[in-house]
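Participant: Attaching a predicted model along with its sequence, questions to come.
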Amino acid sequence: MTTAPAPGPDAVPATISKPAGPGPFPAVVIMHDCSGLGPRSSGAPGRWAKELVGRGYLVMLPDSFTPRGAPDGVCLAPPPRGVDVSPERRARDAYAALAQLRQRPDVDGHRVGIMGGSHGGSSTLATMRAPGRGDERGGFAAGVALYPRCAAFMGVGVTYHPRAPLLILIGESDDWTPAEPCRTLAERAAQAGDPVAIKIYPGAHHSFDSPNPVRYVAARINPSVPGGRGATTGGNPAAWADSIQQVAAFFGRHLAP
């Protein structure tokens, strides 16, 4: 694992993990969740990085929170006053990461995907909806959003249009980022002819890819419930195992040579 530099106003520090050999490899940018990459990290980005590196992908993990004064994440408290770490702001971090990867000789710049869970899933949706920042090769080739807050991208008569194929994986019992708005988002996109697929896991909660048991934490910021606090998270072994296969197959199709 190495640390990538952070040149330019829109770049943040990032760590890189890669397979053995010279490449060039397909690559995936992983956007962390609300717990960040510091001492309170959920560990999910690292689990996914290990799975992807083992399948031949170079992985970059940008840290959107630590350099902006929120090393402990924003699950329990909002970011410092005046600090923007919204999914829309983090889309710029994602495109800065993409630009860095395309400068590397060990990366195939035409085969770069993006994924993330929760806050990182919402950041993935924001990134996939965002323009290509002037790069003539466009943006990411594919994206996977794990339990994102789809309601933030919905509205009366609003259809989400991704710039590349998108897969959403979410738990049916998610009380933090509910599945139903994601189902509606995917259905509207499909009706418009856009490449959005979704799989909803029965009985699975938020963070179904976690090794931790299911638990409710009353202090978590949750816009989906009255009072704005309290959410349930925890792993679901069946959903985790299937999600690995879903992600591997999806990226295998869309990031293949």
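Facilitator: Yep, it's here.

Participant: Give me the three-state assignment for I244.
Facilitator: Classification of I244 using DSSP: H, G, I helix; E, B strand; the rest coil returns helix.

Participant: what number of residues lie near it?
Facilitator: 16 (other Cβ atoms under 10 Å). Quick note: C-beta positions are derived from backbone N, CA and C, even for glycine.

Participant: Tell me who's in contact with it.
Facilitator: E51 (Cβ atoms under 8 Å, 6 or more residues apart in numbering).

Participant: Quick check: it vs G138, distance?
Facilitator: 27 Å (Cβ to Cβ, to the nearest Å).

Participant: Check F251 too.
Facilitator: According to Cβ to Cβ, F251 and G138 sit 17 Å apart.

Participant: okay, these two: which has more neighbours?
Facilitator: Each of F251 and G138 has its neighbours counted (other Cβ under 10 Å); F251 has more, 25 against 13.

Participant: Backbone dihedrals for that one, please?
Facilitator: Backbone geometry at F251, expressed as degrees, to the nearest 10, gives phi -70, psi -30.

Participant: pLDDT wise, what is the nearest residue to it once chain neighbours are set aside at?
Facilitator: In space, and not counting its chain neighbours, F251 is closest to G113: 5.4 Å by Cβ to Cβ, 6 or more residues apart in numbering. Residue-level confidence at G113 comes out at 98, pLDDT.

Participant: contacting residues for G113?
Facilitator: 26-29, 140-144, 251, 254-255.

Participant: Sort out which one of the residues you listed lies nearest H205 for me.
Facilitator: Within these, proximity to H205 (Cβ to Cβ) peaks at V144, which comes in at 18.5 Å.

Participant: Buried residues in the helix or strand harbouring the residue nearest to F251, which are they?
Facilitator: If you go by DSSP states H and E, G113 is part of strand 107-117. Using 16 or more other Cβ atoms under 10 Å as the test for burial, strand 107-117 gives 107-109, 111-117.

Participant: Next secondary structure element downstream of it?
Facilitator: helix 119-129.

Participant: Strand 107-117 and that next one, what's the angle between them?
Facilitator: With axes from the mean of the first three to the mean of the last three Cα atoms, to 10 degrees defining the directions, helix 119-129 sits at 130 degrees from strand 107-117.

Participant: counting contacts, what elements does helix 119-129 pack onto?
Facilitator: Helix 119-129 sits against strand 25-31, helix 87-101, strand 107-117, strand 142-146, strand 166-171, with contacts defined as 3 or more Cβ pairs under 8 Å, 6 or more residues apart in numbering; DSSP states H and E.

Participant: Give me the angle between it and helix 87-101.
Facilitator: Using the same axes, to 10 degrees: helix 119-129 against helix 87-101 is 70 degrees.

Participant: how far out from the middle of the chain is helix 119-129?
Facilitator: Relative to its chain's centre, helix 119-129 lies at 6 Å (Cα atoms, centre = their mean, to the nearest Å).

Participant: who touches it?
Facilitator: 30-34, 45, 64, 74, 86-88, 90-91, 93-95, 114-116, 139-140, 143-150, 152-153, 160-164, 166, 168, 177.

Participant: cool, and stretch 71-85?
Facilitator: 33-36, 38-41, 64-65, 68-70, 119, 219-221.

Participant: Same question for stretch 143-151.
Facilitator: Contacts for stretch 143-151 (Cβ under 8 Å, 6+ apart): 113-118, 120-122, 124-125, 127-128, 162, 164-171, 174, 176-178, 181-182, 184-185, 206-209, 223-224, 243, 247, 250-251.
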